[in-house]
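Peer 1: Sequence and predicted model, in that order:
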Amino acid sequence: MSKLLKMHWEMDVSAGLARRDRQGCDYEAYVPDLLGDRTFRFEADVAADLAEAESSIVLLNEKATALRDTEALARLLLRAESVASSQIEGLEVGGRRLLRAEAAREAGLSAGDVTAEEVLGNIEAMKWAVDVLGSAKNITVSGVLEVHRKLLAGTRLAVHGGRIRDEQNWIGGSSFNPCGAAFVPPPPEDVEQLMEDLCAFANTDLLPAVAQAAIAHSQFETIHPFIDGNGRTGRALIHVILKRRGVARSILPPVSLVLATWSSSYIRALMATRYVGDSDSREADQATDAWLALFAAACKRSVADASAFEGSIQLIQDSWRAKIGKVRRNSAIDLLISALPGAPVLTVTSASKLIGRTYQATNEAIDRLCAVGVLSQVKVGRRNRAFEARDVIDAFADLERELASPEGDTRTSEPSRVVPSRRQK
């Protein structure tokens, strides 16, 4: 049975703090039910929403071609989620800047961009979570800890990476005490058991995959097992479960970006799931249904936006082929046109490796693509030559803007967070 524990925060006599930050107080820490002890029942309309959401993700993975295996674009989606997280929320690293840094890294060069390098490291950690943990036989606490360790590696909080917290944390209010917090997670002594239970739940196949991902995410955010990095780890867990269940085998819909856009509804729905009392109560069922309905809607919205982006990429490739004219199948130019959506910023060396052609053949193909305006020469790092497919990067910027708009159209519904500027037509 979930409960609120009455706790007391001792006064902090540390010098230099304001009086309100030194004060002691009584507060309540929330301890959720173990997921293994709960029976989930969904209203008919919520069950239908979950089925539609799952079908839409499966269909996207089956039908999409331009998005399939486009690793760089998948990394951009993860980059956007990472930037939205609490740890690096203030880092404004646009897609073009990040791709140039990535192109430099792949060419063995220095990007000379510390901020972009930090974000790239963060994305590598999230990609590891999806690829490794999402394909593992079981999701384990140690696996989740490894995700967290990788996420915090190279940051000022690296010492806390991969470690379950041993102190009380809280959300909102003061940085020094939980007296005015909006929510206080379970005490540290309860966290390990809750995490073991969460992982056991994540390894079952009894619920629809979308429902399982949603419930696991809400439980993780409620447990808040780490000093920092809970947001990013909780978002990674969504993708891990969808991958593990075979729903999102290659294309991960940017569902958490939509949830970030609907932040008020998202936070309200999460808070409502933190009921007190019997898990079989009407209040508990209604709160779970409301959260699942919101999560399912976010999945469907993210798939719709990703599908529209898929269509944009296909049109761009068609326009490139029209510009370049007839080319031999499997020639360097043909292969580059197919590969560019996944690597819209590249060097001759990285392009040669990507398409499996000689440096000379690749260089000649790039020259031809530059001549017709498909590629433009840019610099990566300080002096290194690279080439970018501006059409793809602009299309992704449009996708980012749409995902940040509550209604999916920035002309009628302003973005709810920092996004790239609208491109000039």
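Peer 2: Received it, and whenever you're ready, just let me know what you need.

Peer 1: Using CSV, list the CA coordinates for the host helix or strand of Leu98.
Peer 2: Element membership for Leu98, per DSSP states H and E: helix 95-106. The C-alpha trace of helix 95-106 is given here as CSV (Å, rounded to 0.1, in the frame of the first residue of the first chain):
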residue,chain,number,x,y,z
GLY,A,95,21.5,20.2,-35.0
ARG,A,96,23.9,21.8,-37.5
ARG,A,97,26.5,22.6,-34.9
LEU,A,98,26.2,19.1,-33.4
LEU,A,99,26.5,17.4,-36.7
ARG,A,100,29.6,19.3,-37.6
ALA,A,101,31.2,18.3,-34.2
GLU,A,102,30.2,14.7,-34.9
ALA,A,103,31.7,14.8,-38.4
ALA,A,104,35.0,16.1,-36.9
ARG,A,105,35.0,13.4,-34.3
GLU,A,106,34.4,10.6,-36.9
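
Peer 1: so what secondary structure elements neighbour that helix?
Peer 2: helix 71-83, helix 114-132, strand 345-346, strand 376-380, strand 384-388, helix 390-404 (3 or more Cβ pairs under 8 Å, 6 or more residues apart in numbering; DSSP states H and E). Where you see a C-beta, it was placed from the backbone N, CA and C, and this is true even at glycine.

Peer 1: Run the chain-centre distance for the longest one.
Peer 2: Put plainly, it is helix 114-132. With Cα atoms, centre = their mean, to the nearest Å as the basis, helix 114-132 stands 11 Å off its chain's centre.

Peer 1: Taking strand 376-380 as reference, get the angle to the helix holding Leu98.
Peer 2: 70 degrees (axes from the mean of the first three to the mean of the last three Cα atoms, to 10 degrees).

Peer 1: Leu145 contacts Leu152, doesn't it?
Peer 2: No: counting by Cβ atoms under 8 Å, Leu145 sits too far from Leu152 to count as a contact (10.8 Å).

Peer 1: Quickly list what's touching both of the two.
Peer 2: Gly162 (Cβ atoms under 8 Å, 6 or more residues apart in numbering).

Peer 1: Going along the chain, name the helices of the stretch 101-250 of the chain.
Peer 2: 114-132, 141-152, 188-202, 209-223, 230-244 (DSSP state H, counting those that start in this stretch).

Peer 1: Can you pick out the residue with more neighbours from Leu145 and Leu152?
Peer 2: Leu152 (26 against 18; other Cβ atoms under 10 Å).

Peer 1: Assess the claim that that one and His160 are in contact.
Peer 2: Yes: Leu152 lies in contact with His160 (Cβ under 8 Å); the separation is 6.3 Å.

Peer 1: And the pLDDT at the closest residue to Asn138 other than its chain neighbours?
Peer 2: Distance criterion Cβ to Cβ, 6 or more residues apart in numbering; nearest residue to Asn138, sequence neighbours excluded, is Asn203 at 5.0 Å. In this model, Asn203 is scored at 97, pLDDT.

Peer 1: Let me know the pLDDT of Glu221.
Peer 2: Value for Glu221, per-residue pLDDT: 97.

Peer 1: Spatially, what comes nearest to Ala386 if we skip its sequence neighbours?
Peer 2: Closest to Ala386 by Cβ to Cβ, 6+ apart is Val380, at 4.3 Å.

Peer 1: Bridged to the one you found, which residues?
Peer 2: Asn384 (DSSP bridges).

Peer 1: Quick check: it touching Leu98?
Peer 2: No: with contact defined as Cβ under 8 Å, Val380 does not count as touching Leu98 (11.3 Å).

Peer 1: coming back round to it: please report how far the residue nearest to Asn138 lies from Ala236.
Peer 2: Distance of Asn203 to Ala236, computed by Cβ to Cβ, to the nearest Å: 16 Å.

Peer 1: Between those two, which is the more surrounded one?
Peer 2: Using other Cβ under 10 Å as the criterion, Asn203 and Ala236 rank with Ala236 on top: 30 against 15.

Peer 1: so who does the more buried one touch?
Peer 2: Met126, Ala129, Val130, Val147, Leu151.

Peer 1: which ones are touching the second one?
Peer 2: Shown in contact with Ala129 (Cβ under 8 Å, 6+ apart): Val147, Lys150, Ala236, Leu237, His239, Val240.

Peer 1: check contacts around the last one.
Peer 2: Residues near Val240 by Cβ under 8 Å, 6+ apart: Ala129, Val130, Leu133, Gly134, Ile139, Ala202.

Peer 1: Okay, and the closest residue to Arg235 other than its chain neighbours sits in which element?
Peer 2: Once flanking residues are discounted, Arg235 sits nearest to Ser256: 4.3 Å by Cβ to Cβ, 6+ apart. Assigned by DSSP H and E, Ser256 belongs to helix 255-261.

Peer 1: could you point out which element follows that helix?
Peer 2: Helix 255-261 is succeeded, C-terminally, by helix 263-272 (DSSP H and E).

Peer 1: Flag every buried residue along that following helix.
Peer 2: Residues of helix 263-272 classed as buried by neighbour count (16 or more other Cβ atoms under 10 Å): Tyr266, Ala269, Leu270, Met271, Ala272.

Peer 1: Which two of the residues you listed have the greatest separation?
Peer 2: Pairwise distances across the buried residues of helix 263-272 (Cβ to Cβ) peak at 11.0 Å, for the pair Tyr266 and Ala272.

Peer 1: quick revisit: what's the separation between the residue nearest to Ala386 and Ile123?
Peer 2: According to Cβ to Cβ, Val380 stands 17 Å off from Ile123.

Peer 1: of those two, who's got more company?
Peer 2: More crowded of Val380 and Ile123, by other Cβ under 10 Å: Val380, with 28 against 23.
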